[in-house]
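> predicted structure and sequence below. I'll ask about it afterward.
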Amino acid sequence: MIHARGLVKRFGDFTAVDGIDLEVAPGEAFGFLGPNGAGKSSTMRMIGCVSTPTAGELRILGMDPVREGPAIRGRLGVCPQTDNLDPDLTVFENLTTYARYFGIPRAEGRRRAAELLEFVQLTEKSGSTVDPLSGGMKRRLSIARAMINEPDLVLLDEPTTGLDPQARHLLWERLFRLKQRGVTLVLTTHYMDEAEQLCDRLVVMDAGKIVAEGSPRHLIETYSTREVVELRFGDDAPATYVEKLAGIGERLDPLPDRLLLYSDDGDAAVNEVHRRGFTPSSVLVRRSTLEDVFLILTGRTLVD
Amino acid sequence: MVTTYAVARVARGNRLSPARVGAVINRNVGALRSGPAYWLVLASGFFEPVLYLLSIGVGVGALVGDLTLKNGEVLPYANFVAPAMLAVSAMSGALAETTFNFFFKFKYVKTYDAMLATPLRPMEIATGELTWAMIRGSLYTGAFLIVMVALGLTTPGWALLAFPATWLVGLAFGAVGMAVSTFIRGWQDFDLISTGQFALFLFSGTFSPVQDYPLPVEILIAATPLYHAVELIRGITTGMLSWSMLGNVAYLLVMLAVGLYVASRRLTSVLCR
């Protein structure tokens, strides 16, 4: 579906995407994980054929995005980071009007619009304008709009950013259904849980480069330990404990408010901390997540 | 051979799809139907030139009496002012769509970003928006022509010929307005546009023959766009055709071509970075 070699995007002196390689197979749910400014959206825009690569090779659905942009875009569904629904039209018309851009006949457009509103649970909002909809509803409508041309490949740029937890879960559930139907999904996110829930495979991006690639589980197994212990020490700076706790677990990472202790056996590590005579004000043993992977790989947290 | 092939290929790649241009127009028809606010805007756009015609053309015209043109023809003042108001109405109808509305869609509600994620191309978007602007302008000018015929300011025959001329005026101003809108930084810049529009409105041979001005001023006016629109339309509605009207048509066609080209280039460079 997507093939990229040495893909580069520069804006003047700034290199947003710095030579990445990608391969996305049909039916896959593929994710770009990284903080703001990592180059995820620039990559998505190149894949969506609205931004021309500065250098490198890019093929979408076997076609050249520069020469065959309209043909490729006709088979893509794009859900942008910020909603650009049409405020002058009703919910239903937003879909039927969009269908016309793809050359879908009116009757067929209406049929698909009704079906998609059902799918994203907005049927009763059909005649409303877009403005009064909640953030989650707007995002669901954007996803319905992205599906109007029955795309082979759906691009979702931060699909749940800014939504409340309930709206996010509803959206994830809908996206999961799309995936079950065999639709290829490519999404960007800076949420770990989202990447873990939705992606079969993902790349971690930082400063325009891919720093790791694999399934969420594979990434955690490769770069992190099975468990992570979060230690807090009242008012003391966590960094002052790095030396004192050296040797416990595989790795220690001091954050401004807590100390992360990576270990395959969290409880054993906590016992060792106590045995050395330290009493943290709070102790949390949890499973390792992609957040930890990112921290280990880049030395920075994802959401800043 | 290779060159011919390449040129043919580029030409085919750049060919406008009527269906896609139509889809852009279809969006605006949908927006028009969706609320009464839009109809109100349309109605106000019609009444403005009619009010000018009645107050100045008919009111002031009663004071001024008849005008003797440089070719010796004598024309009632209202017959002189009415075609200018018609040209103004074609201009402002199209400009309302391609400046204010275009900018709002371009910068704020990101309508064109959404369109560009589909097979639509910038030139198709620009062409569709411009065609719509011309259609909107022609609603004003069609109604205005009916008023002119009713008041005896032109004949039905000349009115039928003047109607397509107002389309050309709408396309020319709409295209330039759209190109300018892609450079607009914020709402404050619209004050500049409306000031410019008002200056054109007053000094394009609208209310007095340009020959009455000093020669340098006359030359200056002859370089500005609304003058050409007024000359073309006045020539038709008064039935005084002349070869110089071909020059007016050429001027408007250049505005159309340059405006459309710049607008679609700017859509590409701003939105497809």
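In hand now; what should we look at?
> pLDDT weak spots in chain A?
A:300-304 (pLDDT under 70).
> show me the strands in the stretch 101-250 of chain A, by range?
Counting by DSSP state E, counting those that start in this stretch, the stretch 101-250 of chain A has strands at residues A:153-157, A:184-189, A:201-206, A:209-214, A:227-232.
> what is the neighbour count of whichever residue of the stretch 101-250 of chain A sits closest to chain B?
Nearest residue of the stretch 101-250 of chain A to chain B: residue A:101, at 3.8 Å (CB to the nearest CB). The C-beta positions use only the backbone N, C-alpha and C, and glycine is treated the same way. By the criterion of other CB atoms under 10 Å in any protein chain shown, residue A:101 has 26 neighbours.
> same question for residue A:46.
26.
> show me what from the stretch 151-273 of chain B comes close to chain A.
B:271-273 (CB under 8 Å from any CB of the partner chain).
> chain A: which of those is nearest?
Nearest to chain A among those, with distances taken as CB to the nearest CB, is residue B:272, at 5.1 Å.
> what distance do you get for the closest one to residue A:154?
20 Å (CB to CB, to the nearest Å).
> between the strands of the stretch 101-250 of chain A, which one is nearest to residue B:228?
strand A:153-157 (46.7 Å; CB to CB).
> give me the helices and strands touching the closest one, please.
Where contact means 3 or more CB pairs under 8 Å, 6 or more residues apart in numbering or on different chains; DSSP states H and E, strand A:153-157 is packed against helix A:40-47, strand A:76-79, helix A:135-146, strand A:184-189.
> got a list of contacts for it?
Applying CB atoms under 8 Å, 6 or more residues apart in numbering or on different chains, the contact partners of strand A:153-157 are A:1-2, A:40-41, A:44, A:47-48, A:60-61, A:75-81, A:143, A:146-147, A:175, A:178, A:183-188.
> measure how it sits relative to helix A:40-47, angle-wise.
150 degrees (axes from the mean of the first three to the mean of the last three CA atoms, to 10 degrees).
> could you export the strands of the stretch 101-250 of chain A as CSV, including distance to residue A:22?
Shown next, in CSV, are the strands of the stretch 101-250 of chain A (distance: least, CB to CB, whole Å):
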stretch, distance to residue A:22
strand A:153-157, 13
strand A:184-189, 9
strand A:201-206, 7
strand A:209-214, 8
strand A:227-232, 29
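> which of the three states applies to residue B:24?
helix (DSSP: H, G, I helix; E, B strand; the rest coil).
> pLDDT below threshold where in chain B?
Segments of chain B classed as low confidence (criterion: pLDDT under 70) are B:1-14, B:35-38, B:41.
> would you state the helices of it in chain order?
Along chain B, counting by DSSP state H, helices occupy B:2-14, B:18-34, B:36-52, B:61-64, B:77-95, B:102-103, B:111-116, B:122-150, B:156-181, B:189-202, B:215-223, B:225-237, B:244-271.
> need phi/psi at residue A:29.
The phi/psi pair for residue A:29 (degrees, to the nearest 10) reads phi -110, psi 110.
> and it, how far from residue A:242?
From residue A:29 to residue A:242 the distance is 38 Å (CB to CB).
> please apply the same query to residue B:210.
Applying CB to CB to residue B:210 and residue A:242 gives a distance of 84 Å.
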